[in-house]
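Peer 1: I'd like to go over a predicted model; first the sequence, then the structure.
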Amino acid sequence: MKHPFQLKAVWNGGRNSEGHIDAGGLKTIISIPQEMGGPGTGTNPDEMLLGAAATCYLITLAAMLERSAITPQVLTLESEAIVDVTNNVFTYERIIHKPRIVLKADASEVERAKAERLAHKAEESCMISRAVAGNVSIETQPSIVITGINEE
């Protein structure tokens, strides 16, 4: 079974203009980020690729935890992308995911270790990660916390 996804885009003007996209649940203004000499309005391809990778990873991790009967009290994620600009060539180099999984106070060491393994495995299972494999390095730096024991 195949699932098509569609996006419509409009861009009026040159490099430093802005446009807009409509992809069903995602409707937003787009432009080149200020860090790259653009107007910085709305979002941009760099943020959208990071957003796609991060949300895919987070949803995959949540599903894997659920299938393993691990119910986190809190599941959060911070992700960062590194884009290199050398000789005016932009290269999306790396994405770093930092999930924070907070387990209940009665969680065992086995559950903590399994949650950490799943945090790494989710990256390999994520569709977006597989799509960019070989072009963008993706790292996972999980923090597994048991309530009342090792909270940060």
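Peer 2: Now that the structure is in, tell me what you want to look at.
Peer 1: make it CA atoms for all contacts and neighbour counts henceforth
Peer 2: Noted.
Peer 1: host element of the nearest residue to Leu75 once chain neighbours are set aside?
Peer 2: Sequence neighbours aside, Ile101 is the residue nearest to Leu75 in space, at 4.8 Å (criterion: Cα to Cα, 6 or more residues apart in numbering). Secondary structure assignment for Ile101, by DSSP states H and E: strand 89-103.
Peer 1: Give me the contacts around the helix or strand following that strand.
Peer 2: Note on strand 89-103: by DSSP H and E, the next helix or strand toward the C-terminus is helix 109-125. Outside helix 109-125, the residues within contact range by Cα atoms under 8 Å, 6 or more residues apart in numbering are 57, 60-61, 64-65, 70, 99, 101, 103, 129-130, 138, 140, 142-146.
Peer 1: What subset of those residues is buried?
Peer 2: Buried members of these, counted by 16 or more other Cα atoms under 10 Å: 57, 60-61, 64-65, 70, 99, 101, 103, 129, 138, 140, 142-146.
Peer 1: Around Ile128, how many other residues sit close by?
Peer 2: Using other Cα atoms under 10 Å, Ile128 has 18 neighbouring residues.
Peer 1: what sits against it?
Peer 2: By Cα under 8 Å, 6+ apart, the neighbours of Ile128 are Ala52, Ala53, Cys56.
Peer 1: what's across from the residue nearest to Leu75 in the sheet?
Peer 2: Beta-bridge partners recorded for Ile101 (DSSP bridges): Leu75, Ile144.
Peer 1: Need the pLDDT of it.
Peer 2: We have a pLDDT of 98 for Ile101.
Peer 1: same thing with Glu35?
Peer 2: pLDDT at Glu35 comes out at 85.
Peer 1: And for Glu151?
Peer 2: The confidence metric pLDDT takes the value 52 at Glu151.
Peer 1: Apart from its neighbours in sequence, what residue is nearest the residue nearest the centre of the chain?
Peer 2: Geometric centre of the chain, nearest residue: Ala54, 1.1 Å, by Cα atoms, centre = their mean. Distances taken as Cα to Cα, 6+ apart place Ser79 nearest to Ala54, at 6.4 Å, with adjacent residues excluded.
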